[in-house]
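Q: structure of the sequence below:
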Amino acid sequence: MNATQKVEECLEKIRPALEMHKGNVMLIGVDEKEGIVRVKLEGACQGCPMSQVTLKMGIEAEIISQVPSIKQVIAVDDKEKECCDDKKGACCSKQSDEDKWFFELLGQEEGE
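A: Numbers count the residues shown, from 1 in each chain. Okay, the predicted model is just below:
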């Protein structure tokens, strides 16, 4: 089983909890070389003030614990998703303002 399949398996386990709150998560891509997973938060998760906590302490923590080659999970917005789709999975490297805010809140640099 490759990293993408393992990540999708993790997301399948996480989705019921998100769906209980009218949210969801969609896998956009896995960059195995960089150890980065890109996801899109959907439904109530999109724009939720707690979305970064859900992303980092829920989704990212679970994926990293199950797929050790993954180092970071990043949420992309619709514009970034279109870019990823245009490049057939070769996603942009830019992070959303929400990611930057979250790292500032934690007093960390992005990618630590």
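Q: how about whichever helix in the chain runs longest: buried residues?
A: Assignment by DSSP state H gives helix 3-20 as the longest helix of the chain. Of all the residues in helix 3-20, those buried under the rule 16 or more other CB atoms under 10 Å are 3-4, 6-7, 10-11, 14, 18. (C-beta placed from N, C-alpha, C; glycine too.)
Q: what of stretch 41-56?
A: 41, 45, 51-52, 54-56.
Q: end to end, how far does it reach?
A: One end of stretch 41-56 sits 12 Å from the other (CA to CA, to the nearest Å).
Q: quick one, strands of the protein?
A: Ranges of strands in the chain, per DSSP state E, are 23-31, 36-43, 72-75.
Q: packing partners of the last one?
A: This means strand 72-75. strand 36-43, helix 97-106 (3 or more CB pairs under 8 Å, 6 or more residues apart in numbering; DSSP states H and E).
Q: ok so, going back, going by distance to Val76, which of the buried residues of stretch 41-56 wins?
A: Closest approach to Val76 among the buried residues of stretch 41-56 (CB to CB): Leu41, at 9.1 Å.
Q: check the gap between the closest one and Ile64 for me.
A: Remark: distance between Leu41 and Ile64 (CB to CB, to the nearest Å) = 18 Å.
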